[in-house]
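Colleague: Show me how the following folds:
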Amino acid sequence: MKILVINPGASSTKLGVYFLEHRRYQNYHELTSAIKTIWEKTIRHPAAELKKFKNIFEELPYRRKVVEEEIRMGDFQAIATRGGPLKPLERGVYRITKKLVSDIYNNKIQSQHVSLLGPIISYELGVKYKVPAYFVDPESVDEFMPISYFSGLPEIPRKSLSHYLNIHAVSKKAAHILKKPLAKCNFIVAHLGSGITIAAKKGGRQIDANNANEEGPFAPQRTGSLPLGGVVDLCFSGKYTKEEILRKIQKHGGLLAYLGTDNLKEVLLRIKKKDKYATLIYEAMVYQIAKEIGAMYITLKGKVDAVIISGGLAYEKELIKSIKNWILCLNKRILVFPGEEEMRALAGGVFSVFLGKEKPKIYR
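Modeller: As a prediction, the model looks like this:
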């Protein structure tokens, strides 16, 4: 049984083909551990290249071409991809339908993010090669507490949009390490990528998290939370269109805005060369990450089994050390899973459906 995985991210497109024997698996950990990688590839997209596109739909031909040039369609039973910031949904595995693709094109979504191109490309390939296509645990999985939606203005409720796929996958991994059922674990999970999500997981449910496009720490490309008065002034300055403002906030903010690069390795190299401004900006990002982790500690009322740090930036040991220096005062176990579990989580979700361990949900 083979599955093709397509995973579009803010600055890359990840592809992979995975194989699993059709037999019985006792639990999710056993299943994902048995998945064999046939091939994987990460295609990096330079910021200069992506700046040419005004929105994600302008990126579609570029991303589609990248995928089609790399894949070699063979005897695949299915395609798996990310879901994107769709309408609020339950976690799970969903069949990609014409209705879903239509909703994305017609902007019946919560925000624009390149992950929405995954279902479109996967659906097109599924039709072409006559295989089913699925999305798994989309960014719009909504498990918030009722009080988590309130922002301070009735017209602007908070949204449950996060890096849910990886956050849930590493939570399962941590529960296995702790030898506890996920339903009995409480975690603070920091997903550190081009955007940063800090989430509170209570009994396996994500009861609160910052929306990386609008809130939380600034990141390599995103601004995170901003002083509202300044945002209003910027919007009414006459210098920017709505689309340009959103690009500044979601793609051209954070490290890129302050230092002209979204590459953390480059920033750390500048720091080694005694660049005082780069040091200050880096320390500010670390501080904001730690502060958001502290907020989720309160969300869980201090009942935390572990703080989990994951995502692409977690490969940088210096960053992990810097964050730990701030959060050791919480006196909680810290687990670090560098990179993302997204590719195996996508494959694992669809394999679970084929093995009959999970029933696919219907997108309506």
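Colleague: What ranges does the stretch 201-350 of the chain have for its strands?
Modeller: Here the stretch 201-350 of the chain has its strands, by DSSP state E, counting those that start in this stretch, at 205-209, 306-311, 334-338.
Colleague: Now do the longest one and strand 334-338, the angle between them.
Modeller: It stands for strand 306-311. Angle between the axes of strand 306-311 and strand 334-338 is 20 degrees (criterion: axes from the mean of the first three to the mean of the last three Cα atoms, to 10 degrees).
Colleague: And strand 306-311, how far out from the chain middle?
Modeller: Mean-position distance between strand 306-311 and its chain equals 13 Å (Cα atoms, centre = their mean, to the nearest Å).
Colleague: Tabulate the strands of the stretch 201-350 of the chain (CSV), appending mean pLDDT and distance to Asn325.
Modeller: Just so you know, the C-beta spots here come from the backbone N, C-alpha and C atoms, and that holds for glycine as well. Output for those, formatted as CSV (pLDDT from 0 to 100; distance: least, Cβ to Cβ, whole Å):
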stretch, mean pLDDT, distance to Asn325
strand 205-209, 98, 24
strand 306-311, 98, 13
strand 334-338, 97, 11
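Colleague: For Lys41, what is the enclosing helix or strand?
Modeller: Taking DSSP states H and E as the definition, one finds Lys41 inside strand 36-44.
Colleague: just to revisit the earlier point, ranking the strands of the stretch 201-350 of the chain by burial, who's on top?
Modeller: Mean neighbour count (mean count of other Cβ atoms under 10 Å) peaks for strand 306-311 among the strands of the stretch 201-350 of the chain, with a mean of 24.
Colleague: From the rest of the structure, what touches that strand?
Modeller: The list of residues contacting strand 306-311 from outside it, by Cβ atoms under 8 Å, 6 or more residues apart in numbering, reads 163, 166-167, 170-171, 174, 178, 185, 187-193, 196, 293, 320, 323, 327, 330, 332-341.
Colleague: next one: stretch 313-321
Modeller: Contacts of stretch 313-321 (Cβ under 8 Å, 6+ apart): 192-193, 220, 264-265, 268, 286, 309, 336-339.
Colleague: picking that back up, and the buried ones among the contacts of strand 306-311, selectable in ChimeraX?
Modeller: A single ChimeraX command is used to select the members of the contacts of strand 306-311 judged buried by 16 or more other Cβ atoms under 10 Å:
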select :163,166,167,170,171,174,178,185,187,188,189,190,191,192,193,196,293,320,323,327,330,332,334,335,336,337,340,341
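Colleague: any low-confidence regions in this protein?
Modeller: Counting by pLDDT under 70, the chain shows low-confidence ranges at 73-74.
Colleague: pull the longest helix from it.
Modeller: In the chain, taking DSSP state H as the definition, the longest helix is helix 276-299.
Colleague: ok, now which ones touch the residue nearest to the spatial centre of the chain?
Modeller: Centre of the chain computed as the mean C-alpha position; nearest residue by Cα atoms, centre = their mean is His163, 2.8 Å away. With contacts taken as Cβ under 8 Å, 6+ apart, His163 has the following neighbours: 139, 191, 193, 195, 197, 212, 311.
Colleague: quick one on the thing from earlier: okay, among the contacts of stretch 313-321, which ones form the most distant pair?
Modeller: Across those, the longest distance by Cβ to Cβ is 20.4 Å; it joins Leu268 and Phe337.
Colleague: how about the strands of the stretch 201-350 of the chain in JSON lines, adding distance to Val93?
Modeller: Converted to JSON lines, the strands of the stretch 201-350 of the chain look like this (distance: least, Cβ to Cβ, whole Å):
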{"stretch": "strand 205-209", "distance to Val93": "17"}
{"stretch": "strand 306-311", "distance to Val93": "21"}
{"stretch": "strand 334-338", "distance to Val93": "22"}
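Colleague: Quick one: the helices in the chain, in order.
Modeller: 28-34, 47-50, 56-70, 98-105, 117-129, 164-178, 228-235, 242-250, 254-259, 264-272, 276-299, 317-327, 342-354.
Colleague: Highest mean neighbour count across these, which stretch is it?
Modeller: helix 342-354 (a mean of 25).
Colleague: ok and it relative to helix 117-129, angle-wise?
Modeller: Comparing the axes of helix 342-354 and helix 117-129 via the same axes, to 10 degrees yields an angle of 50 degrees.
Colleague: which secondary structure elements does helix 342-354 contact?
Modeller: Applying 3 or more Cβ pairs under 8 Å, 6 or more residues apart in numbering; DSSP states H and E, one finds that helix 342-354 makes contact with strand 2-8, strand 12-19, helix 28-34, strand 78-81, strand 93-95, strand 133-136, helix 164-178.
Colleague: Please produce TSV containing the ones you listed, extended by distance to Lys248.
Modeller: Rendered in TSV, the data for those read as follows (distance: least, Cβ to Cβ, whole Å):
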stretch	distance to Lys248
strand 2-8	21
strand 12-19	21
helix 28-34	38
strand 78-81	28
strand 93-95	32
strand 133-136	29
helix 164-178	25
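Colleague: Out of these, the one nearest Leu256 is which?
Modeller: The closest of the helices and strands packed on helix 342-354 to Leu256 is strand 12-19. By Cβ to Cβ, the value is 15.2 Å.
Colleague: Quick check: neighbours of that closest one in the sheet, parallel or antiparallel?
Modeller: strand 2-8 (antiparallel), strand 36-44 (antiparallel) (DSSP bridges).
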